[in-house]
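Q: Give me a 3D structure for the following:
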Amino acid sequence: MPKHARCLGLAFRLSLLLERLRGPRLLPRPPTALVRAYAEVRVPVGLEGSYYPARQVEGYALIPWDRYMQEAEEALVEATRSP
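A: Residues are numbered from 1 along each chain as shown. From the prediction side, this is the model:
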């Protein structure tokens, strides 16, 4: 391969690199959320109610013990009860 062809190839690659470095670096957008968090759905934690501690990646979360949790617990007990 002739020497001037290698120099042209190197110059072309360097020009592409410089062009890429010259432009602003855009960070990729985070993926869209599959579940939306609504502030009005979150119930403030109080001492008058009972809560179920659920394990999360960074610790525990308190889930209010309401009618839904009561029904879920009853369904789990019925499903695991031996016949």
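
Q: what residue ranges in this protein are flagged as low confidence?
A: Within the chain, the stretches with pLDDT under 70 are 1-2, 4, 30-43, 83.

Q: Run through the strands of the protein in chain order.
A: Using DSSP state E, the strands of the chain run over 51-56, 59-64.

Q: Which residues outside the first one are in contact with it?
A: By CB atoms under 8 Å, 6 or more residues apart in numbering, the surrounding residues in contact with strand 51-56 are 45, 60, 61, 62, 63, 64, 65, 69. From N, CA and C alone the C-beta is placed, and that goes for glycine too.

Q: just to revisit the earlier point, using a markdown table, lay out the strands of the chain together with distance to residue 29 and mean neighbour count.
A: Listed next are those as a markdown table, based on distance: least, CB to CB, whole Å; neighbours: other CB atoms under 10 Å:
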| stretch | distance to residue 29 | mean neighbour count |
| --- | --- | --- |
| strand 51-56 | 25 | 11 |
| strand 59-64 | 27 | 12 |
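
Q: between the ones you listed, which gets nearest to residue 28?
A: Closest approach to residue 28 among these (CB to CB): strand 51-56, 25.9 Å.

Q: what angle sits between the closest one and strand 59-64?
A: Here strand 51-56 points in a direction 150 degrees away from that of strand 59-64 (axes from the mean of the first three to the mean of the last three CA atoms, to 10 degrees).
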